[in-house]
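> turn this into a model:
(one chain, ligands or ions: 1)
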Amino acid sequence: MNKYLVLFFLPIVFFGQNLKRSLSSENWKFKQVDTKNWLTATVPGTVHTDLLANYVIPDPFLETNEKNVQWVEKKDWEYKTSFFLSQSEMNFKNIDLQFDGLDTYASVFLNNQLILEANNMFRIWKIPVRKYLLKGENILKVVFKSAVIEEQHIAKKQSVQLPTDERVYSRKAPYQYGWDWGPRLVTAGIWKDVKLHFWNQVTLVNSSYKQVQLDSQKADLEFNTTVFSEKKQVITIKVNDSIAKVELQKGLHKIPIKYRINNPKLWWCNGLGEPNLYAFKISLFDDLQEIESQEMNIGLRTIELIQEQDAIGKSFYFKLNGKPVFMKGANYIPEDSFLPRVADSVSQKRIEDAVAANMNMLRVWGGGVYASDAFYSACDKNGILVWQDFMFACAMYPGGKDFLENVKQEVIDNVTRIENHSSLAVWCGNNEIDEAWHNWGWQKQLKYSKADSTQIWKDYQKVFHELIPNTLDSLYPEKKAIYWPSSPSIGWGRKESLLQGDAHYWGVWWGKEPFEIYEEKVGRFMSEYGFQGMPDMTTFNYFSNGNQLEFDSESIKSHQKHPTGYETIKEYMQRDYIIPKTFENYSYVSQLLQAKGMKVAIEAHRRAKPNCMGTLYWQLNDCWPVTSWSSVDYFGNWKASHYQVKQSFENLLISVGEDKEKYQVYLVNDSLQDILGNLILKTIDFNGKVLFEKTILTEVKANSSQIVYTFSKKDIPKKYRKKSVVQLQFVTKEKKVNTTFYWVKPKDLQLLKPDLKITKIDEVTYEITSNVVAKNVCLSSDEKTHFSHNYFDVLPNEVYTIKVTQPVKTVSVKSLFDTLN
Ligand code: BMA
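From the prediction side, this is the model:
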């Protein structure tokens, strides 16, 4: 080919490629409808964050400002931008405008033409707009109607009122309306990316895959790529190096391509192996060049939910790659009241926090949003399985035709987006709706007639027993996604809840039962239970804006959303601890209390393996600075509970169970190998004197829980009980795990004043020692850093090495003893 011909072909090459152009960074402006003043806006964003950036509202996260910004939800808002199209962009035959998320009632105008009326925050909206576009300047306008006013209009037309409030008429993140850990900030806005998609003859709509066969020699995958063709033509599709040439007619096509991987490396969850991923690029070619492509990272694994009749009731556990796996993790809520400002790195950090705490599963809770792509990719990469709720929580929803159709599209959009992630383990219809309907007294409170109740329950069944599972099946008939209609399946007040299905146990906290009840109320898979802990002092200081920290300050009160939150903490604290006098010490002890509760629960669940096969506490994170059940606060600070959870979730756990007569030492082994080691039990008094010592050579079977030693209560001399601690260690060739155990509650311990010494070894390493037993040693710094260990017991004659993530000038230290007077 001569030089002239090459040049001649170049423009054709350029025009053949499909293009995407984000409109997010264009100059967006916004204003309240009915006012004239346009202000600068950020897209993706929310009305609240735009008002904040323009100094129209105070920061809703500070002091009691949440109250002062409530007017925002009742107004309508208008966003606009103008953008220019070049001649080459105008040359495309097709141009689609795509909104990845509009929150929620949005009318979209392009050059003054109404092109879309959106009504679901969770859907993706795609509109062919070629015919409305002009070369040169184009005006895009999005008008958001107040969701709460819309809901009131819809509610007025209904013959019966649905529990709990009018939010159920909108497909909008439930938590925005206020939760028992979240502020009411019902926002609006273009909350995800908006883009133009330019294409000519053919476009790649979506690609998905299924695993046809997986064994140790080979993995056979089938990719199904959906392509839309404008005309009869021949195109090529490549999946890495597998190629298919196909002749297309005008219309939508699903094109299968097989792909084989020899000697596949499986994807394993955290703690059981590597989360191996294979990178794939699916590309569409015409004769000359690549037109469009999609990338995905695939982990090869099988996942099953095993429910079989057994001596107790019915099992409920997951098998990953054929192995029963005990699930350890937490419930994940949205990371902010205003999600567009959450950087991908923040979501990745939360997943790292989960991994560091030895978790292998997170539940994306149904009162928030379907999580971001960054979240699921981080789960894939880190071996965190996902229990994915659909976004319905703690309320009854309508069942009319339009509502169902809207939900159906929402399911299609989100399943298509999330399903290719190997971390996805199970789809769940909703949070606590089945339980609520049967146990929360709504039917009486709202005085439903029999006919009303029947209708509302029918509507429930239409959504969660028909529409969602049927849509899942129609999307992936071959894959048969695991679907579980409601979490939990049976409410915690009923004994059947412990015999089958997943269970939420709220007898502790809501029922004010003691932590010890966790040892009895062990279900088959504990998907919620929890206890509040106050956040870091820096978090309190942040939202109090430097004001005095006192429980009766309005600012502190408004950052506790549970109606009896602080009273409940105090009631439990009195049971176990001496109530400290200062706010700071109180906050520290509240964290110890939460950590204690979680230790009791998690370890009881794990000791009960294999009858119980999962434990997901409530809740991993926060959406604003608040006192809540989270183990990591809004700013990413680990509470004492997160450090405790890390220890209680170790693959190899030493744990002590107790009944009336005895203490039993368990070894729980979640790994898939038998482990041989020495169990060393040592009782020491608070001065370090050894009162009892025993070493037992023990083999713990793979994937099991075993009792390895029993102390009879009557053998523990009374005089030692308040003054001694048991150090339990299990030492194998590779590692040493250890824990401490006290015979009495912390408030009954006769602790001695410790002389704690911190020695700086290098910029990021410290060593800690103490002359006597120092309980729950807490390290802190005025500067931002993270301690590898914290809130741990320091025993005399032992040296504890701590790492910090950022070098700091000073480290302060205190222990439980310091809170006693
Ligand atoms: C669970 C959750 C949330 C709630 C939490 C704490 O039931 O599903 O609804 O925030 O309890 O009360």
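> just the helices in the stretch 501-650 of the chain please.
537-544, 554-558, 565-576, 583-607, 640-648 (DSSP state H, counting those that start in this stretch).
> closest one to the ligand among those helices?
helix 565-576 (9.8 Å; CB to the nearest ligand atom). The C-beta positions use only the backbone N, C-alpha and C, and glycine is treated the same way.
> now check that closest one, is it near the ligand?
No: figure legend: helix 565-576 not in contact with the ligand (CB under 6 Å from any ligand atom); closest approach 9.8 Å.
> ok, residues contacting that helix?
With CB atoms under 8 Å, 6 or more residues apart in numbering as the test, helix 565-576 has contacts from 180, 509, 512, 514-515, 531-532, 534, 551, 560, 562, 579, 589-590, 593, 596-597, 627, 745-747.
> how about the secondary structure of residue 466?
State at residue 466, reduced to three classes by DSSP: H, G, I helix; E, B strand; the rest coil: helix.
> so where is the stretch 1-150 of the chain shaky, pLDDT-wise?
Along the stretch 1-150 of the chain, segments meeting pLDDT under 70 span 1-15.
> pick out the residue of it closest to the ligand.
With CB to the nearest ligand atom as the measure, residue 66 is the residue of the stretch 1-150 of the chain nearest to the ligand, at 17.2 Å.
> buried sites along stretch 50-61?
Within stretch 50-61, the residues scored as buried using 16 or more other CB atoms under 10 Å are 50-52, 57, 60-61.
> what's the end-to-end length of it?
End-to-end span of stretch 50-61 (CA to CA, to the nearest Å): 15 Å.
> enumerate the residues of this protein near the ligand.
179-181, 367, 394, 431-432, 504, 528, 618, 629.
> how many neighbours does the residue of the stretch 1-150 of the chain closest to the ligand have?
21 (other CB atoms under 10 Å).
> show me the contacts for the residue lying closest to residue 38 once chain neighbours are set aside.
Excluding its sequence neighbours, the residue lying closest to residue 38 (CB to CB, 6 or more residues apart in numbering) is residue 29, at 4.3 Å. Counting by CB under 8 Å, 6+ apart, residue 29 touches 38-41, 79-81.
> you'd agree residue 29 is in a strand?
Yes: checked against three-state DSSP, residue 29 lies within a strand.
> all numbers from here: first residue = 147
Happy to do that; since the first residue is 147 now, the last one works out to residue 175.
> so how far is residue 219 from it?
21 Å (CB to CB, to the nearest Å).
> need the pLDDT of the spatially closest residue to residue 750 that is not a sequence neighbour.
In space, residue 750 comes closest to residue 665 once its chain neighbours are excluded; the distance is 4.4 Å by CB to CB, 6+ apart. For residue 665, the pLDDT comes out at 97.
> residue 665: how many residues sit nearby?
With other CB under 10 Å as criterion, residue 665 counts 18.
> lowest-pLDDT helix or strand in the chain?
Across the helices and strands of the chain, mean pLDDT, DSSP states H and E gives its lowest value to helix 149-162, namely a mean of 38.
> moving C-terminal of it, what's the next helix or strand?
Later in the chain than helix 149-162, the nearest helix or strand by DSSP states H and E is strand 165-168.
> which helices and strands sit right next to that following strand?
strand 340-345 (3 or more CB pairs under 8 Å, 6 or more residues apart in numbering; DSSP states H and E).
> tell me the mean pLDDT for the strand it packs on?
98.
> quick one: residue 173 and residue 227 touch, right?
Yes: counting by CB atoms under 8 Å, residue 227 is a contact partner of residue 173 at 6.1 Å.
> so between those two, which is more surrounded?
Neighbours per residue (other CB under 10 Å) separate residue 173 from residue 227, with residue 227 holding more: 21 against 11.
> walk me through the domains of the chain.
150-342, 346-444, 450-594+629-795, 797-896, 897-967 (automatic domain parsing).
> most packed of those?
domain 450-594+629-795 (a mean of 20; mean count of other CB atoms under 10 Å).
> got a list of what the residue nearest to the spatial centre of the chain touches?
Nearest residue to the geometric centre of the chain (CA atoms, centre = their mean): residue 478, 2.4 Å. Contact analysis of residue 478 by CB under 8 Å, 6+ apart lists 496, 508-511, 514, 517, 765-767.
> contact partners for residue 314?
With CB under 8 Å, 6+ apart, residue 314 has these contacts: 308, 541-544.
> same list, those, but as JSON lines with pLDDT please.
Formatted as JSON lines, those follow (pLDDT from 0 to 100):
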{"residue": "308", "pLDDT": "96"}
{"residue": "541", "pLDDT": "98"}
{"residue": "542", "pLDDT": "98"}
{"residue": "543", "pLDDT": "98"}
{"residue": "544", "pLDDT": "97"}
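> can you show me the helices along the stretch 347-496 of the chain?
So, for the stretch 347-496 of the chain - with DSSP H, counting those that start in this stretch - the helices run 490-502.
> how about it: which residue is closest to the ligand?
For the stretch 347-496 of the chain, CB to the nearest ligand atom, closest residue to the ligand: residue 477, 7.1 Å.
> surely that residue meets residue 505?
No: counting by CB under 8 Å, residue 505 is not a contact partner of residue 477; they are 11.2 Å apart.
> OK, contacts around the closest residue to residue 271 other than its chain neighbours?
Spatial nearest neighbour of residue 271, chain neighbours left out: residue 245 (4.5 Å); criterion: CB to CB, 6+ apart. Taking CB under 8 Å, 6+ apart, we find residue 245 in contact with 252, 254, 262, 264, 270-272, 336, 338, 340.
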